[in-house]
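Undergrad: here is a sequence with its predicted model. Questions after.
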Amino acid sequence: MVIATGAVTNLFGNSEIEKHAFGLKTVGEFLDLRNHIFTDFEKALQTVNYDDRQALIDIVIVGGGPTGVEMAGALAEMRKYIIPKDYRELNHQEVDIYLIQGGGNLLQGMDDSLGDAFVEYLRKMDVKVLLNARVDQIPEDHVVTADGQKIVAGKVVWTVGVTCEIAEGFEREKFYGRGNRLRVNAFNQLTEDNFIFALGDAAMMESENMQYGHPQVTQPAIQQAKNLARNLRKSQGD
Ligand SMILES: Cc1cc2nc3c(=O)[nH]c(=O)nc-3n(C[C@H](O)[C@H](O)[C@H](O)COP(=O)(O)OP(=O)(O)OC[C@H]3O[C@@H](n4cnc5c(N)ncnc54)[C@H](O)[C@@H]3O)c2cc1C
C-alpha cells in the first residue's frame, strides 16, 4: 500500500477560518474564490455606500509564504490590468489588497533578502503588506489582528500552511512527525517489517540535511514515486 494523500489546508482547528475564509488547496477552492471576486465586483457597481463597497471589493490574504505572495501579486495585476478594462465604472484604486504575515518577513525559510525584495516589490504594486501581524479572529466580513487592528474585507484568503490528515489505524505518536506527515525511511517505508509506504507531501523522510523531511513541493513527490516504483520492481526480482 502506498499512501500519497498529500496535504490539506491547516485551519488550526479554528471553525471561523473554515466558515469565513477561502483556502487555496484545491481547484474547487480557487474557482470558488474567483467566482466570489467577480460576483462581488458586479455587486459593487451598484453599491453607492463607500463602506459597503469596500467590504465587497477589498481582499485580505493571510499568510506570507509562497502561495500568499503569489496570490497578492496576481490580484495586484488583476487590479491594474483587468478592472480598468472589464469594470470601467469601478475605481480600481479603491480595491485594497492586504497581505498579512505573522512573522517579520515574507517567504520565511528562504533567504531573507528574497523576503525583503518581495515586500518592496509588492508595496510598489500597492499591496498593503503587514508584517508581524497575526490574525486571530475572522468574523464574517473582517479580520482582527492580535494587536487589535480591524480590517474590513468580505473575502479573506487563508494561506497559512498545510497539514496532513491522520489516517485511521496509524497511531499518531508512532507514525507521524511534524505537520502530521508519516515518518518514512530512505525507501519510503513506514517500518521495515511491512509493505506500507508513503510519499510526497504526506511523507517525512528525515535525513541529516533535511531534519523535517523534504519540502512539500512537486519534485520530491515525483522523484520519490519513481524511486519507489523502481524499488518495488526490484523487490519482485525484475
Ligand atoms: C496553492 C499551491 C501552490 C503550489 N505551488 C507549487 C509550485 O509552484 N511548485 C511546486 O513544486 N509545488 C507547489 N505546490 C505544492 C505541490 O502542489 C505539492 O507538493 C504536490 O502536489 C504534492 O504531491 P502529492 O502527490 O504528495 O500530493 P497531492 O498532489 O496533494 O495529491 C494527493 C491526492 O490524494 C487525494 N486524496 C487525499 N486523501 C485521499 C483519500 N483518503 N483517498 C483517496 N484520495 C485521497 C487528494 O485529493 C489529491 O488529489 C503548491 C501547492 C499549493 C496548494
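TA: All right, it came through fine.

Undergrad: measure the residue most central in space within the chain to R79 for me?
TA: Taking Cα atoms, centre = their mean as the criterion, T159 is the residue nearest the geometric centre of the chain, at 3.0 Å. From T159 over to R79 the distance is 18 Å, taken as Cβ to Cβ, to the nearest Å. In short, each C-beta sits where N, CA and C put it, glycine included.

Undergrad: same deal with A202?
TA: Distance from A202 to R79, by Cβ to Cβ: 36 Å.

Undergrad: circling back: what pLDDT does the residue nearest to the centre of the chain get?
TA: What the model reports for T159 is a pLDDT of 94.

Undergrad: residue contacts, it?
TA: Neighbouring residues of T159 by Cβ atoms under 8 Å, 6 or more residues apart in numbering: 24, 61-63, 65, 67-68, 71.

Undergrad: which parts of this structure are helices?
TA: Taking DSSP state H as the criterion, the chain contains helices spanning 15-20, 27-45, 50-57, 66-77, 83-86, 112-124, 172-175, 218-235.

Undergrad: next, the nearest residue to L114 once chain neighbours are set aside: phi, psi?
TA: Using Cβ to Cβ, 6 or more residues apart in numbering and skipping the chain neighbours, the partner closest in space to L114 is L107 (5.4 Å). As for L107, its main-chain torsions (degrees, to the nearest 10) stand at phi 50, psi 50.

Undergrad: which residues touch L107?
TA: 64-66, 69, 114-115, 118.

Undergrad: pull out the buried residues from those residues.
TA: Buried subset of the contacts of L107 (neighbour count, 16 or more other Cβ atoms under 10 Å): 64-65, 69, 115, 118.

Undergrad: which of those lies closest to Q219?
TA: G65 (17.5 Å; Cβ to Cβ).

Undergrad: so for N185, which of the helices of the chain sits nearest?
TA: helix 218-235 (11.3 Å).

Undergrad: now that closest one: buried residues?
TA: Quick answer for helix 218-235 (16+ other Cβ under 10 Å): 220-221, 224-225, 228.

Undergrad: now do that helix: everything it contacts.
TA: Helix 218-235 is contacted by residues 2, 4, 187-188, 197, 199-201, 203, 205, 214 when judged by Cβ under 8 Å, 6+ apart.

Undergrad: report the two of the residues you listed separated the most.
TA: F187 and D201 (18.2 Å).

Undergrad: which of the two has more neighbours?
TA: D201 (24 against 14; other Cβ atoms under 10 Å).

Undergrad: which parts of the chain sit against the ligand?
TA: Residues of the chain lying near the ligand by Cβ under 6 Å from any ligand atom: 4-6, 24-25, 67, 200-202, 216-219, 221.

Undergrad: could you turn the buried ones of these into a ChimeraX selection?
TA: To isolate the buried subset of the residues of the chain next to the ligand in ChimeraX, counting by 16+ other Cβ under 10 Å, use the following:
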select :4,24,25,67,200,201,202,216,221
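
Undergrad: hmm, back to that, now, which of the buried residues of helix 218-235 sits nearest N49?
TA: Using Cβ to Cβ, those come closest to N49 at A221, 48.1 Å.

Undergrad: distance check, the closest one against G103.
TA: According to Cβ to Cβ, A221 and G103 sit 26 Å apart.

Undergrad: go on, E42?
TA: Taken as Cβ to Cβ, the span from E42 to G103 is 36 Å.

Undergrad: same question for F170.
TA: The spacing between F170 and G103, counted by Cβ to Cβ, is 32 Å.

Undergrad: alright, that wraps it up for me.
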